[in-house]
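K.L.:
fold the following, please.
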Amino acid sequence: MTPGTPRPERRGEPLSREIIVRAAVRLLDDAGESGLTFRTLAERLATGPGAIYWHISGKGELLGAASEAVIAGAISAGSAGARPPEAVRTLALGVFDAIDAHPWLGTQLAVNPLRPPMLRFFESIGRQVRALGVAPSAEFTAASALLNYILGVAGQNAANARAVSPTTKRAEFLATTSAAWAELDPDEYPFTRSAADRLRDHDDRAEFLAGLDLVLAGITARLAPPP
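P.N.:
Reported below is the predicted structural model:
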């Protein structure tokens with residue numbers, strides 16, 4: 001075994017679909033979608049590819065099951081009994097954190113709209129939009145706007161993290177980028193220069209929620225009738 005190679009996982013129970021999916025999530029986190037192969041997964045599970053095929057038919061099903069396992073917790077976390085705006089914020093932040101921790105998830109949700117993970121996510125958003133009192137004719141528009149904002153910002157945040165060298169600290173990266181913005185031509189980039197300090201000190205999750213509140217405020221003001 002070469003240095004840095006993950007050791008095979010020890011199992012005290014027979015191989016099952018749940019064990020395979022858990023290992024697949026960890027492999028996706030470590031190596032991304034391109035690194036998820038049945039051979040590599042079998043090595044981690046100290047078994048043969050055939051044993052995995054007994055439970056999972058192929059890579060597409062495995063990706064769907066891994067996405068389902070991750071998104072299920074984000075959808076169900078802490079929204080029971082909450083008012084619709086707060087329920088949307090809880091749902092959105094759960095998905096934001098899930099994509100931040102599992103960068104491959106955003107792509108899987110976006111490119112597979114007919115699979116259960118994406119359908120469950122959209123259904124959860126749609127139910128809260130309906131609870132807001134949005135007119136039936138505008139429910140799809142409102143739910144789609146929320147969906148696109150959440151996946152777009154969460155996916156971009158995860159992409160930004162992957163684009164930076166693993167040895168680079170976030171504060172250092174933002175400080176360097178902020179300094180570069182401050183040196184831009186004031187006539188060509190007046191706004192971007194003025195935002196340099198904000199970039200250096202901003203919190204990703206706080207900015208995400210602030211933008212979400214803007215979307216919710218627009219939905220409430222434009223699409224939901226007054227009480």
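K.L.:
ok, residues contacting stretch 212-227?
P.N.:
Stretch 212-227 has contacts (C-beta atoms under 8 Å, 6 or more residues apart in numbering) with 85, 88-89, 92, 129, 132-135, 138, 141-142, 145-146, 149-150. For every residue, glycine as well, the C-beta is placed using N, CA and C.
K.L.:
restricted to strands, list the residues you listed.
P.N.:
Cross-referencing the contacts of stretch 212-227 against strands under DSSP state E gives no overlap.
K.L.:
R205 versus the spatially most central residue of the chain, what's the distance?
P.N.:
By C-alpha atoms, centre = their mean, the mean C-alpha position of the chain lies nearest to I99, the distance being 2.3 Å. Counting by C-beta to C-beta, to the nearest Å, the separation of I99 from R205 is 12 Å.
K.L.:
please parse the protein into its domains.
P.N.:
Per the record's domain assignment (automatic domain parsing), the chain is made up of the domains 1-56, 79-223.
K.L.:
how about those domains, which one is nearest A65?
P.N.:
Within the domains of the chain, the stretch nearest A65 is domain 1-56; the backing value is 4.7 Å (C-beta to C-beta).
K.L.:
report the distance from that closest one to the chain centre.
P.N.:
In terms of C-alpha atoms, centre = their mean, to the nearest Å, the centre of domain 1-56 is found 22 Å from the chain centre.
K.L.:
and stretch 71-84, by the same measure?
P.N.:
When distances are taken as C-alpha atoms, centre = their mean, stretch 71-84 is centred 15 Å away from the chain's centroid.
K.L.:
likewise stretch 91-99?
P.N.:
Here stretch 91-99 is found 6 Å from its chain centre; the criterion is C-alpha atoms, centre = their mean.
K.L.:
what's that stretch in contact with?
P.N.:
Around stretch 91-99, the neighbours that count as contacts under C-beta under 8 Å, 6+ apart are 70-71, 73-75, 77-79, 105-106, 121, 124-125, 128, 146, 150-151, 153-155, 157-158, 205, 208-209, 212.
K.L.:
nearest residue to S124 in space, please, no chain neighbours.
P.N.:
I75 (5.1 Å; C-beta to C-beta, 6 or more residues apart in numbering).
K.L.:
the one you found: what's it in contact with?
P.N.:
Here I75 is in contact with 91, 94-95, 120-121, 124 (criterion: C-beta under 8 Å, 6+ apart).
K.L.:
farthest pair in the residues you listed?
P.N.:
Among those, G94 and R120 lie farthest apart (C-beta to C-beta), at 12.3 Å.
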